[in-house]
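Asks: 3D model of this:
(chains A and B)
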Amino acid sequence: GDSVTQMEGPVTLSEEAFLTINCTYTATGYPSLFWYVQYPGEGLQLLLKATKADDKGSNKGFEATYRKETTSFHLEKGSVQVSDSAVYFCALSPTTGANSKLTFGKGITLSVRP
Amino acid sequence: DVKVTQSSRYLVKRTGEKVFLECVQDMDHENMFWYRQDPGLGLRLIYFSYDVKMKEKGDIPEGYSVSREKKERFSLILESASTNQTSMYLCASSSPGQGFGNTIYFGEGSWLTVV
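Replies: Next comes the predicted model:
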């Protein structure tokens, strides 16, 4: 079945450091790919998404490119801020089926030090 | 603004109690979902619903049931709560065609502790 694998955490960075969070997936066909973020004490919210190969999703300085050849959707940010401290989830949704549901990775906790 | 509202943020229940977690969305979405979130395990799907009175099992339905009598409301029921059901529960909704990039919206979560 479909699956999403995220790099192990947690990750601790200093403010203004470069961030990469790895995400790879297993799925048939051409799934849609998502990054969700969960700030402390809150539910999940969509950070960015990409629906086809080579698409780049971007939001709030974060970017991720849908790489079908490597089945990856790594999240990057050039300069992190303390306010980026949160849990980040990679997820996919299959292309078939009008009511497809999301499959999530295990999430990774990012802490940014001032 | 999009809104998924979960009725209780924090609950403490006793083993064996019947527990109801309520979720309401105001976006006229057809699809609604219940996930549980546990450290190291990420989010796991318990049940989902594509329409009123429709429900399908997710990956971990054992010990849970759901009810969808109205389009905007999706309830998760723990028939007899157990300590291994202590978790964060997240409700979500989306419009059809999620597989083509439509966003799924989450509530803020309900922290359930079973003692």
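Asks: isn't residue A:33 right next to residue A:72, touching?
Replies: No - here residue A:33 does not reach residue A:72: they are 9.2 Å apart, not a contact under CB atoms under 8 Å. Every residue, glycine included, has its C-beta placed from N, CA and C.
Asks: lowest-confidence helix or strand of chain B?
Replies: Least confident helix or strand, chain B: strand B:105-106 with a mean of 90, by mean pLDDT, DSSP states H and E.
Asks: so does that strand get close to chain A?
Replies: Yes - using CB under 8 Å from any CB of the partner chain, strand B:105-106 comes into contact with chain A via B:105-106.
Asks: OK, contacts around residue A:52?
Replies: A:30, A:66 (CB atoms under 8 Å, 6 or more residues apart in numbering or on different chains).
Asks: bridged to the most centrally placed residue in chain B, which residues?
Replies: When CA atoms, centre = their mean is applied to chain B, the residue found nearest the centroid is residue B:34 (2.5 Å). As for beta bridges, residue B:34 partners with residue B:47, residue B:91 under DSSP bridges.
Asks: buried residues, stretch A:42-56. List them.
Replies: A:43-44, A:46-51, A:55 (16 or more other CB atoms under 10 Å in any protein chain shown).
Asks: for chain B, tell me which of the residues you listed show up nearby.
Replies: Among these, chain B is touched by A:43-44, A:46, A:49, A:51 when using CB under 8 Å from any CB.
Asks: hmm, the helix or strand of chain A with the lowest mean pLDDT in reach of chain B?
Replies: Within chain A, judged by mean pLDDT, DSSP H and E, the helix or strand with the poorest mean is strand A:103-104; its value is a mean of 90. Yes - using CB under 8 Å from any CB, strand A:103-104 reaches chain B at residue A:104.
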